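Chemist: A structural model of the following input is requested.
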Amino acid sequence: MSISQMFQDFLSNLKVDNADTITLRYEEITSCLNKKFRDTNSKTANSLQVGSYGRWTAIKGISDLDMLYIMPKGKWDDYKDGKQSQLLNDTKETIKARYPTTEVFVDRLVVCVQYASFHVEVQPVFEQDDGSFKYPDTYNGSSWKITKPCEEIAAMKDFVAEKNKNLRRLCKMARAWKNKHGIGMGGLLIDTLAHNFLRDTTDYDDKSYLYYDWMSRDFFKYLSELPEQDRYAALGSGQHVKIKAKFQKKAKKAYELCLKAIEAGTEDTANSKWKKVYGRPFPANSAAVASESIAKASKTWTDTEEFIEFKFLVDIRRNIKIDCDVLQNGFRETSLRDLLNRRRRLSPKKKLKFHVVSHDIAGAFDLYWKVLNRGSEAERRNEIRGQILSDAGYMRREENTRFEGEHIVECYAVQKGIVIAKDRIHVPIEGEEDE
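Modeler: As a prediction, this is how the structure comes out:
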């Protein structure tokens, strides 16, 4: 498979596959708000699709959609003096009255409308003379703040034309990367960083799919070398975009993986190497799949591994971090990450206590674990494992080191049926216990 075909198929796999449903929900919400505030039934007037979907950089599985509802200017006097909460509550009650079985609630700046596989955050706003919008904020009292999504959408549109459509495609590829590696980066941050990268180079102004391997390499190198800071100026609007967590280290790893994938060129192994960068949406090589099927037929062990993507939608928006206490005979030795940083491997007969050390997830969520054994010894013992198991409610899981191999433990935070954060840790074991 050619490089061009690989990345064309990859982008095709990332295409939003429920656009009709999303449009329907936008129209339903718009219609009921127009009926309340303007006594019309229009499904499209006075609302804007914003966020990743509005900038056309969303990918399959998007769960967080944004919408502005533009209030009539004549309503400003009703809400201007400390009535921010009232505006949000009026918006909520209007949507709830029209759709009583749908979960609708106020969340500081927006009204969240929760559907089965995604939610729409509706923000009632008042348009200003300069094209910006004033929106209510109920955090620590009440205030009005300014947002400029039209400038961000316009900047994206203009820059896409200048860069041979590469900007939106790179934004989508970057979303697949952050979902694969559990990086809690907001959509506007991704789009801003992709914009800044292409703004600072002319290498891809006239290039397309055939050069997306090099573009991937250079983009992740660019990210890995960015200085650590707490915010960026958004494309178009220049408004502050906050950094939720550092991304440079994982970008450097992605850069190194790109080098290996590029070295493989168009060989059968190339697709699997790109999958390590971008995850399951990257297409598999047909010859490699056929060879793997033959190999599976001759396996003497049971492949029990499960994949979170087959159980839930994955849209990483938050961060979670796990670690592991390594103990023997009841005494704590050290944390597993400390051992890994010192390039140490574990020996058998160690007790491992995996646990969540931090997260930035608001509200309740479900936690799942996956323990995967790799290597010839795991296959000989027929102990691959890899099932996805629910947490018992304490955000921890206990295991024991038993036999040699490169073992992996993953953790997934699931909220309203969507994986919003994940982390993994490697467990390298040498030697094996006496049987």
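Chemist: and Asn373, what is it in contact with?
Modeler: 383-386, 403, 405, 407 (CB atoms under 8 Å, 6 or more residues apart in numbering). C-beta: built from backbone N, CA, C; applies to glycine.
Chemist: can I get those in JSON lines including secondary structure?
Modeler: As requested, those are exported to JSON lines (DSSP: H, G, I helix; E, B strand; the rest coil):
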{"residue": "Glu383", "secondary structure": "coil"}
{"residue": "Ile384", "secondary structure": "coil"}
{"residue": "Arg385", "secondary structure": "strand"}
{"residue": "Gly386", "secondary structure": "strand"}
{"residue": "Phe403", "secondary structure": "coil"}
{"residue": "Gly405", "secondary structure": "strand"}
{"residue": "His407", "secondary structure": "strand"}
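Chemist: select the longest helix from the chain.
Modeler: In the chain, with assignment by DSSP state H, the single longest helix is helix 19-38.
Chemist: contacting residues around Gly51?
Modeler: Neighbouring residues of Gly51 by CB under 8 Å, 6+ apart: 58, 64-66, 149, 187-188.
Chemist: distance of it from Ala284?
Modeler: 31 Å (CB to CB, to the nearest Å).
Chemist: what about Tyr394, which SS state?
Modeler: coil.
Chemist: burial measure for it, as a count.
Modeler: Neighbours of Tyr394 under the rule other CB atoms under 10 Å: 9.
Chemist: so Ile183 belongs to a strand, correct?
Modeler: No: Ile183: not assigned to a strand; according to three-state DSSP it is coil.
Chemist: what's the burial count for it?
Modeler: By other CB under 10 Å, 23 other residues sit near Ile183.
Chemist: please tell me I have it right and it contacts Phe247.
Modeler: Yes: using CB atoms under 8 Å, Ile183 is in contact with Phe247, at 5.5 Å.
Chemist: elements contacting the helix or strand hosting Phe10?
Modeler: Following DSSP states H and E, one finds Phe10 within helix 3-13. Judged by 3 or more CB pairs under 8 Å, 6 or more residues apart in numbering; DSSP states H and E, the packing partners of helix 3-13 are helix 166-181, helix 212-224, helix 270-278.
Chemist: part of a strand, is Asp60?
Modeler: You called it Asp, but residue 60 is Lys. No: judged by three-state DSSP, Lys60 forms no part of a strand; its state is coil.
Chemist: what segments of the stretch 101-250 of the chain are strands?
Modeler: For the stretch 101-250 of the chain, the strands defined by DSSP state E, counting those that start in this stretch cover 103-107, 110-114, 119-127, 133-137, 143-147, 231-233, 240-242.
Chemist: dump these to a markdown table, plus mean neighbour count, mean pLDDT and distance to Asp323.
Modeler: Formatted as a markdown table, those follow (neighbours: other CB atoms under 10 Å; pLDDT from 0 to 100; distance: least, CB to CB, whole Å):
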| stretch | mean neighbour count | mean pLDDT | distance to Asp323 |
| --- | --- | --- | --- |
| strand 103-107 | 15 | 94 | 30 |
| strand 110-114 | 20 | 96 | 32 |
| strand 119-127 | 21 | 97 | 31 |
| strand 133-137 | 19 | 95 | 36 |
| strand 143-147 | 14 | 94 | 37 |
| strand 231-233 | 14 | 95 | 28 |
| strand 240-242 | 14 | 93 | 25 |
